[in-house]
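sequence below, structure please.
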Amino acid sequence: MPDKPLILHNATLIDGNGGDPQPGTSVEISGAKINRIFPAADLPSRADAAVIDLAGCHLLPGLTDAHVHFALTEPNGAPTQPWAAWAAKVTAFIAESLDQGFTTVRDAGALDPGWTYAIDRGLIRGPRLLTSGSFISMTGGHGDWRAPHQAADPVQPIAGLFAGYVLADGADAVRRATREELRRGATQVKVMASGGVASPSDPIDGIQFTLAELRAAVEECEARGTYVLAHAYHPKSIKRCLEAGVRSIEHGNLLDEETAIEMARAGAFLVPTLITYDILAAAGEALGFSAYQVRKLDQVHKAGEEAVRIARAAGVRIASGSDLLGHAMSLKARELVIKSRILSPMEAIVSATRTNAELFGLSGEIGTVEEGKNADITVFDRDPLADPEVMANAARVRLVVKDGVVVKDMAL
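The predicted structure is shown next:
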């Protein structure tokens, strides 16, 4: 923690609220908070403050990603290397997120909350990490990684390290599984409510979990002041999730207008993960995907962009995630480039700052550059509104501040 105030001086401020950029702006940080925002021309002469000159740069709230999978270090998902090598990769992927400008990420399943513990205590370098613990799946659902010929999965969870998945059938079993994930430190809980691309035995349009099962998870999370996020592609599964009270719909590629209107009325969030389908479409067969998995990918690939347009027209709150596996995680900011084409560069930035913060329940702390909020800040040396590709280039991320501490500082 700095021992004196820090002034980020003379940048163009994009505050995350969607308003016009504010050139010639300075931000004073005191401790972990933003203390003051003022015109650069009013820079005080203060011996007790450190000043970083950011002329020509653009200052944004710290970027956030609502759908990462740090535990899935291999392109095809589950770990296949020694656990020591796996842990080294996870540590590197987490640290890399800071260098890309992400100061808060939500892990959407398989990573144990022990990693949050390690980051919070300064044992490893990383963003604020909101872990979901184990995927909760029904038998044969998207979170069931067993091949059809396997009775048990060869990769088992390791408490405090790797959360993997848990199978739960029936409302009582889902309730117990949800309570267990919350006991172990999950910030929110992930359920698999429809078929998926990578799972070996379920169709994309299959509905997974009954209404009673989903409600059991929602009730337990609400009792703890948190929420459920649900993997769901198509209207049937999304509608069931909404009826159960699910807050966060992941992917939603096959969303239709009627269901989008229901989402907006319910105040639910859509977390598109468009970049992952581009990556998988280019490399699916090389990753060992079966013909069945490739067909499922074709069903949802380009539909995702249209789903975002439908959601926007209906007034759905559009958040931002990436869902990349293995070394492709380095491309997570390309999600914002894709969204910039569908929405606008400013809307893409808002989705990954203010809207994600609202989804996380952290809008009072992060997501916008405002006095009194946490000093989470990302600085680009180019204008991301004029050229959204800037956001996907870690070399253009010149400065990152998390909780008032400079965690990346490149010579300007």
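
and the strands in the stretch 301-412 of the chain, which stretches?
Per DSSP state E, counting those that start in this stretch, the stretch 301-412 of the chain carries strands over the ranges 317-318, 377-380, 397-402, 405-409.

what's in contact with the first one?
This means strand 317-318. 264, 267-270, 272, 308, 311-312, 339, 343, 347, 351, 355, 358-359 (C-beta atoms under 8 Å, 6 or more residues apart in numbering). C-betas here are computed from N, CA, C, even on glycine.

give me the nearest residue to His67, chain neighbours excluded.
Leaving aside its chain neighbours, His67 sits nearest to Gly321 (2.6 Å; criterion: C-beta to C-beta, 6 or more residues apart in numbering).

so what pLDDT did the one you found get?
The score at Gly321 is 98. That number is its pLDDT.

list the contacts of it.
Contacts for Gly321 (C-beta under 8 Å, 6+ apart) come out as Asp65, Ala66, His67, Val68, Arg106, Ala108, Glu250, Val271, Pro272, Thr273, Glu335.

hmm, Glu358 and the second one touching each other?
No. If you go by C-beta atoms under 8 Å, Ala66 and Glu358 don't touch, sitting 10.6 Å apart.

of these two, who's got more company?
Using other C-beta atoms under 10 Å as the criterion, Ala66 and Glu358 rank with Ala66 on top: 29 against 16.

helix, strand or coil: sort out the more buried one for me.
Secondary structure assignment for Ala66 (DSSP: H, G, I helix; E, B strand; the rest coil): strand.

next, count neighbours for the residue nearest to Ala49 when sequence neighbours are not counted.
With sequence-adjacent residues excluded and distances taken as C-beta to C-beta, 6+ apart, Ala49 is closest to Pro5, at 4.4 Å. By other C-beta under 10 Å, 17 other residues sit near Pro5.

excluding chain neighbours, what is closest to Glu220?
Closest residue to Glu220 apart from its sequence neighbours, by C-beta to C-beta, 6+ apart: Thr178 at 4.2 Å.

check which helices and strands the helix or strand where the one you found lies sits against.
Assigned by DSSP states H and E, Thr178 belongs to helix 171-183. Contact analysis of helix 171-183 by 3 or more C-beta pairs under 8 Å, 6 or more residues apart in numbering; DSSP states H and E lists strand 135-137, strand 165-167, strand 189-192, helix 211-223 as its packing neighbours.

list the contacts of the last one.
Which is helix 211-223. 136, 138, 168, 170-172, 174-175, 177-179, 182, 188-189, 191, 193, 227-228, 230, 240-241, 243-246.

ok, Leu280 touching Val197?
Yes. Using C-beta under 8 Å, Leu280 is in contact with Val197, at 6.9 Å.

between the two, which contacts overlap?
Counting by C-beta under 8 Å, 6+ apart, the contacts common to Leu280 and Val197 are Leu297.

can you tell me the centre-most residue of the chain?
Centroid check for the chain by C-alpha atoms, centre = their mean gives Ala66 as the closest residue, at 1.8 Å.

that one - nearest residue in space that isn't next to it in sequence?
Closest to Ala66 by C-beta to C-beta, 6+ apart is Gly321, at 4.3 Å.

residues contacting Arg312?
Neighbouring residues of Arg312 by C-beta under 8 Å, 6+ apart: Ile318, Ile342, Leu343, Glu347.

leaving out sequence neighbours, find the closest residue to the third one.
With C-beta to C-beta, 6+ apart as the measure, Arg312 is the residue that lies nearest to Leu343, at 6.3 Å, once sequence neighbours are left out.

and that neighbour, how far from Gly109?
Counting by C-beta to C-beta, to the nearest Å, the gap from Arg312 to Gly109 is 26 Å.
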